[in-house]
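> sequence first, then the predicted structure, then my questions.
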Amino acid sequence: MKTKGLMTRRHMALAIAFAALSSTAIVAAPDTHRREAIENGLRPKVDIAGETPVHWSVYERMRRYGVPTLSVAVIENGRIAWSARYRSEGSVTLPAGDERFQAASLSKGVAGSLAALLAEKGTLNLDAPVDACLAPVKLPPGKQDATHPVTLRNLLHHTSGATVNGFPGYPSGSAVPTPEQVVSGQPPANTAAVTIATVPGDAYAYSGGGYTVAQIAITHCAKTPFAELMQRYVLGPAGMRNSTFAQPIPPGPLHATGHAADGADIPGGAHTYPELAAAGLWTTPEDLARWLIAIRNADQGLPSFLPKKAAAQLLTPGIRNYGLGVFVSGEGTARRFMHEGGNAGFKSKYVMFLSSGTGVAILTDSDNGTPLNVEFTKAVAAAYGWPDFAPRVVARAALDSEAMEKRVGRYVIDDAAYDGDRSLALIHDHGAWFLELPNIGRTPLVPTGPMVFVAPETGYAVTVDEAGVLTVGSIRAKKA
């Protein structure tokens with residue numbers, strides 16, 4: 001009887017084990033199929049009508065842009081479906097693991113969730129003049145007044161009128177300013193003082209400077225260092241165990257080395273960003289996905305570290321569809337929040353659909369990561385049936401080749417504020433047309449009119465007018 005009982009228990013254990021394996025296979029097979037479809041289904045921004053759609057492999061595009069590492073997490077039905085870390089030589093790590101990347105401006109939404117939570121707790125007032133929380137720091141005189149004060153809400157909405165779009169960071173070994181020195185433009189800060197250039201509430205102007213003002217205000221009013229607040233109220237409760245706002249990142253944790261557009265390592269691995277709310281988060285794609293899921297859960301009234309009312313504050317868009325650190329767009333099943341980011345040597349992106357609970361978090365270790373992130377997002381969108389993000393379709397048209405041949409050559413960007421390599425070139429090579437761009441080099445062009453092209457990789461419209469001015473998107477360049 002004992003032997004019979006023992007055999008029965010073994011058979012039951014084996015049956016349970018096989019059932020578990022079968023169940024896992026049933027769940028995992030679609031993810032494996034979709035993952036492989038995504039890995040071989042990266043898409044350009046533009047398709048050409050009547051022509052075979054272009055699909056690339058992830059490794060092909062990583063090598064195209066010189067991106068050493070792409071780390072991603074894909075979300076389905078409010079859970080992490082799978083994650084992966086790709087290396088450009090052709091290897092993949094499943095799941096992505098705990099290698100941290102700088103999330104850059106994705107930090108803004110995570111900081112926004114802290115502000116929304118502390119406002120719900122009564123620690124902050126999003127709509128009161130921010131001056132009381134800033135003291136003893138004072139904003140310089142600007143367009144603000146008693147009727148139109150600078151508030152936390154308009155700082156986080158990018159409608160405060162605050163200046164300083166973004167930050168270059170501080171190279172390894174260099175002096176790092178305090179957030180207060182950044183806002184006042186005092187040494188060793190490498191950016192100008194933040195001012196209030198337009199009437200608060202009147203217009204949208206993206207401002208990392210405004211987020212640094214908000215960081216100081218939140219720190220002062222909560223009487224706690226910002227990184228500690230983030231850990232206590234957001235990172236810890238959201239399960240982001242491999243994330244930190246400590247800058248520079250403490251020794252020990254595995255983290256990526258950033259790379260310039262030419263492939264060179266960022267000296268020291270990464271710049272330091274004291275502008276924590278604007279750009280200070282180190283994270284992994286799975287941790288970032290956990291935050292996305294938590295925000296979506298709060299919006300849907302599901303369990304989350306964030307109350308539903310706080311999520312409503314975060315996700316209520318102001319001017320240009322910007323909420324408290326997130327872009328919000330779409331309606332019904334297409335309603336989503338998203339953001340892109342860029343620090344020295346790192347580029348990042350996420351998209352999260354609120355109704356379906358599907359999304360993607362993408363982190364790369366290169367200044368050339370942005371177009372790769374866009375192409376990967378389009379592949380995810382196709383594989384998971386998202387209601388948006390498909391390439392737009394344009395029609396090929398006859399080109400005035402004689403006129404365009406006269407315009408072949410090198411051009412210089414005609415914008416004093418433009419940062420970086422200012423040289424462009426229009427190239428005609430063996431019957432094909434190309435635009436030579438800073439960072440990514442030659443990108444193919446398709447004629448869409450007598451003197452108009454589109455660059456399918458970037459989505460840019462490219463024109464050359466009768467005066468010989470080359471326009472690429474919003475950038476104008478003159479013949480060298």
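Looks like it arrived, so ask away. The shown structure was predicted, so the numbers you read here are calculated from the model rather than taken from an experiment.
> which residues sit in contact with the spatially most central residue of the chain?
In the chain, the residue lying closest to the centroid (Cα atoms, centre = their mean) is residue 340, at 2.2 Å. Counting by Cβ atoms under 8 Å, 6 or more residues apart in numbering, residue 340 touches 105, 106, 347, 348, 349, 370, 373. Glycine gets a C-beta too; all of them are placed from N, C-alpha and C.
> who wins for neighbours among those?
Highest neighbour count within the contacts of residue 340: residue 106, with 30 neighbours (other Cβ atoms under 10 Å).
> and that one, helix, strand or coil?
Following DSSP: H, G, I helix; E, B strand; the rest coil, we place residue 106 in the helix state.
> ok, it - contacts?
Going by Cβ under 8 Å, 6+ apart, residue 106 touches 281, 283, 288, 339, 340, 341, 348, 349, 350.
> would you turn the residues you listed into a markdown table with secondary structure?
Output for the contacts of residue 106, formatted as a markdown table (three-state DSSP):
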| residue | secondary structure |
| --- | --- |
| 281 | coil |
| 283 | strand |
| 288 | helix |
| 339 | strand |
| 340 | strand |
| 341 | strand |
| 348 | strand |
| 349 | strand |
| 350 | strand |
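> what's the neighbour count on residue 219?
Residue 219 has 21 nearby residues by other Cβ under 10 Å.
> was I right about residue 446 contacting residue 399?
No - assessed by Cβ atoms under 8 Å, residue 446 is found out of contact with residue 399, at 9.4 Å.
> distance to residue 408 for the contacts of residue 106 - can I get that in CSV?
Formatted as CSV, these follow (distance: Cβ to Cβ, whole Å):
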residue, distance to residue 408
281, 44
283, 45
288, 44
339, 38
340, 33
341, 36
348, 36
349, 34
350, 40
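> farthest pair within the residues you listed?
283 and 340 (14.7 Å; Cβ to Cβ).
> rewinding a little: return the member of the contacts of residue 340 nearest to residue 135.
Closest to residue 135, out of all of the contacts of residue 340 and judged by Cβ to Cβ, is residue 105, at 27.6 Å.
> what residues does the closest one make contact with?
Residue 105 makes contact with 166, 208, 278, 279, 339, 340, 341, 342, 348, according to Cβ under 8 Å, 6+ apart.
> roughly how far apart are the fourth one and residue 172?
Going from residue 279 to residue 172 by Cβ to Cβ, to the nearest Å gives 16 Å.
> give me the more crowded residue out of those two.
Taking other Cβ under 10 Å, residue 279 and residue 172 do not tie; residue 279 has more neighbours (29 against 13).
> grab the nearest non-local neighbour of that one.
Of all residues not flanking residue 279 in the chain, residue 273 sits nearest, at 4.5 Å (Cβ to Cβ, 6 or more residues apart in numbering).
> wait, residue 55 touches residue 42, no?
Yes - using Cβ under 8 Å, residue 55 is in contact with residue 42, at 6.8 Å.
> out of the two, which sits in the more crowded spot?
The neighbour comparison of residue 55 against residue 42 (other Cβ under 10 Å) goes to residue 42, with 26 against 15.
> what residues are up against the more buried one?
Going by Cβ under 8 Å, 6+ apart, residue 42 touches 55, 56, 57, 58, 60, 61, 372, 375, 376, 378, 379.
> go again using 6 Å as the cut-off
56, 61, 375, 376, 379 (Cβ atoms under 6 Å, 6 or more residues apart in numbering).
> tell me the secondary structure at the second one.
Using three-state DSSP, the three-state assignment for residue 61 comes out as helix.
> ok, residue 478 - how many residues close by?
Residue 478 has 12 neighbours, counted by other Cβ under 10 Å.
> list the contacts of the closest residue in space to it that isn't next to it in sequence.
Distance criterion Cβ to Cβ, 6+ apart; nearest residue to residue 478, sequence neighbours excluded, is residue 414 at 5.0 Å. Residue 414 makes contact with 476, 477, 478 under the criterion Cβ under 6 Å, 6+ apart.
> can you list those in TSV and add pLDDT and secondary structure?
As requested, the contacts of residue 414 are arranged in TSV below (pLDDT from 0 to 100; DSSP: H, G, I helix; E, B strand; the rest coil):
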residue	pLDDT	secondary structure
476	92	strand
477	93	strand
478	92	strand
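> reformat these as JSON lines; add distance to residue 419.
JSON lines is the format used below for those (distance: Cβ to Cβ, whole Å):
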{"residue": "476", "distance to residue 419": "15"}
{"residue": "477", "distance to residue 419": "15"}
{"residue": "478", "distance to residue 419": "18"}
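> before we move on, the earlier item: so what's the residue nearest to the centre of the chain bridging to?
In this entry, residue 340 is beta-bridged to residue 349, by DSSP bridges.
> any low-confidence regions in the stretch 251-400 of the chain?
Counting by pLDDT under 70, not a single residue of the stretch 251-400 of the chain qualifies.
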